[in-house]
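**Student:** I'll drop the sequence and a predicted model, then ask my questions.
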Amino acid sequence: MSTVLRDQAPEADTPEYVLEARDVSKHFTVRGPLGGTTVVRAVEDATVRLRPGQILALVGESGSGKTTLARMLARFHEPTRGEIVLRGERVSGNRRAQRAYHSEVQLIFQDPFGSLNPLHRVRYNLDRALCLHQPHLTAKGRETRIAELLERVSLTPAADYTTKFPHELSGGQRQRVVIARALAVEPKVLLGDEPISMLDVSIRLEMLNLLKGLRTEDGLALLYITHDIASARYLCDEIAVMYAGQMVESGPKEDVIASPQHPYTKLLIESSPDPERGVGDRDKLFAGADELGEPPSLIDPPTGCRFHPRCPFAMPECAVEAPPRTELGGGHWAKCWLHAKGRAGELAGTTHAAATVARREKLQGAS
């Protein structure tokens, strides 16, 4: 169930969600080397809803559509279908509306160095955002605000950082500057596109605590995009899982991690590092992993459930028709034919790898 800060409960006339993507799809037309065109179905019918003060983790392997969805929410890509809704109102495409939207929604990029202008000092990178989104501030007011922002992200004393160029900072310091720049426009939503993946392991926890503090102190909503289940569990309230451009499962983090209800979610969780596993446990868990195959092409995705070519629980229906959404209670849902066919218990009864081996042996016996 989505979390709302107790001291910031919405009033009766306030929209429940601060930001929504309603059944959005994004198709890219790509020109081939011989002049023809193909369509890449990067995202299909995805829905994301964020309440004030909520942190939602969007997980999935590379190429699953996570970043494309975030870029639609950031208005870098226009949806092919569906709509983006801010505070209950559909977002229009005119220039003034775009500026107002970016004052509410900010994207934190994966690469902090690539998202800062390398030719300008930290002061300029922050001052530019303030000039665009806080035009009422005087030059002195902007200088004061820059110092406040740097202190907010624990870059102190601020005077030691304002005159530095991005290349003179560490990766963690650059990411803090990026977060400070996002906060300069006083947003209500942050979209973090793997914001810690390029940082040293030793400082990732600091960044996660910083993001958690922004939610607690300011009531910011955060969409946290990651392939790291452990960091998602530490930071978020809910987890949504994407595979091959489609959302396949979502719910409270403990429900999804402790009891995954889609075979792909089960695969992700079993593949995540666990220091408590012994060598024998790892060997047993990953036996048959080399038979999983690769994710499908989004130019010509499989019919039915897109995961069925890699799924050891697949049934004939899976290759023909997309599975319905099954509500599991408490805000937890999944799209898998196992639920419609009364076979969901199989997910809890075996590991993904063991099911793969059993399916292979069954097929060999049948032949």
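**Tutor:** Structure received. Numbers count the residues shown, from 1 in each chain.

**Student:** Any idea how many residues pack against residue 234?
**Tutor:** Using other Cβ atoms under 10 Å, residue 234 has 15 neighbouring residues. All C-beta spots, glycine's among them, are computed from the backbone N, C-alpha and C.

**Student:** What of residue 191?
**Tutor:** Neighbour tally, residue 191, other Cβ under 10 Å: 26.

**Student:** What lies in contact with whatever helix or strand it lives in?
**Tutor:** Per DSSP states H and E: residue 191 is located in strand 189-193. With Cβ atoms under 8 Å, 6 or more residues apart in numbering as the test, strand 189-193 has contacts from 18-19, 50, 66-67, 70, 73-74, 104-110, 182, 211, 214, 220-225.

**Student:** What residues does residue 130 make contact with?
**Tutor:** Contacts of residue 130 by Cβ under 8 Å, 6+ apart are 137, 142, 145, 146, 184.

**Student:** Mark which of those residues are part of helices, please.
**Tutor:** 142, 145, 146, 184 (DSSP state H).

**Student:** Is residue 314 in a helix, a strand, or coil?
**Tutor:** coil (DSSP: H, G, I helix; E, B strand; the rest coil).

**Student:** quick one: it and residue 302 touch, right?
**Tutor:** No. Judged on Cβ atoms under 8 Å, residue 314 makes no contact with residue 302 at a distance of 10.4 Å.

**Student:** Quickly list what's touching both of those two.
**Tutor:** Common neighbours of residue 314 and residue 302 (Cβ under 8 Å, 6+ apart) are residue 308.

**Student:** Compare these two and say which is more crowded by neighbours.
**Tutor:** Each of residue 314 and residue 302 has its neighbours counted (other Cβ under 10 Å); residue 314 has more, 18 against 15.

**Student:** Now that one: closest residue in space that isn't a chain neighbour?
**Tutor:** residue 308 (4.4 Å; Cβ to Cβ, 6 or more residues apart in numbering).

**Student:** Which helix or strand contains the residue most central in space within the chain?
**Tutor:** The chain has residue 225 as the residue nearest its centroid, 2.5 Å off, counting by Cα atoms, centre = their mean. Taking DSSP H and E as the definition, residue 225 sits inside strand 221-226.

**Student:** CA atoms of that strand as PDB?
**Tutor:** Output of strand 221-226 as PDB, limited to C-alpha atoms (Å, rounded to 0.1, in the frame of the first residue of the first chain):
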ATOM      1  CA  ALA A 221       7.700  11.900  -4.000                       C
ATOM      2  CA  LEU A 222      10.500   9.900  -5.600                       C
ATOM      3  CA  LEU A 223      10.600   7.400  -8.400                       C
ATOM      4  CA  TYR A 224      13.800   5.400  -7.800                       C
ATOM      5  CA  ILE A 225      14.900   3.500 -10.900                       C
ATOM      6  CA  THR A 226      17.300   0.700 -10.200                       C
END
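
**Student:** Could I get the average pLDDT for it?
**Tutor:** Mean pLDDT, strand 221-226: 95.

**Student:** can you check stretch 133-143 too?
**Tutor:** 92.

**Student:** quick check: domain ranges of this protein?
**Tutor:** When the chain is parsed with automatic domain parsing, its domains come out as 6-247, 259-366.

**Student:** Quick one, which of those gets closest to residue 253.
**Tutor:** domain 6-247 (5.0 Å; Cβ to Cβ).

**Student:** how far out from the middle of the chain is that closest one?
**Tutor:** Its chain's average C-alpha position is 10 Å from that of domain 6-247, according to Cα atoms, centre = their mean, to the nearest Å.

**Student:** for the closest residue to residue 248 other than its chain neighbours, what are its contacts?
**Tutor:** Nearest residue to residue 248, sequence neighbours excluded (Cβ to Cβ, 6+ apart): residue 262, at 4.8 Å. By Cβ under 8 Å, 6+ apart, residue 262 lies in contact with 241, 248, 249, 307, 334, 335, 336.
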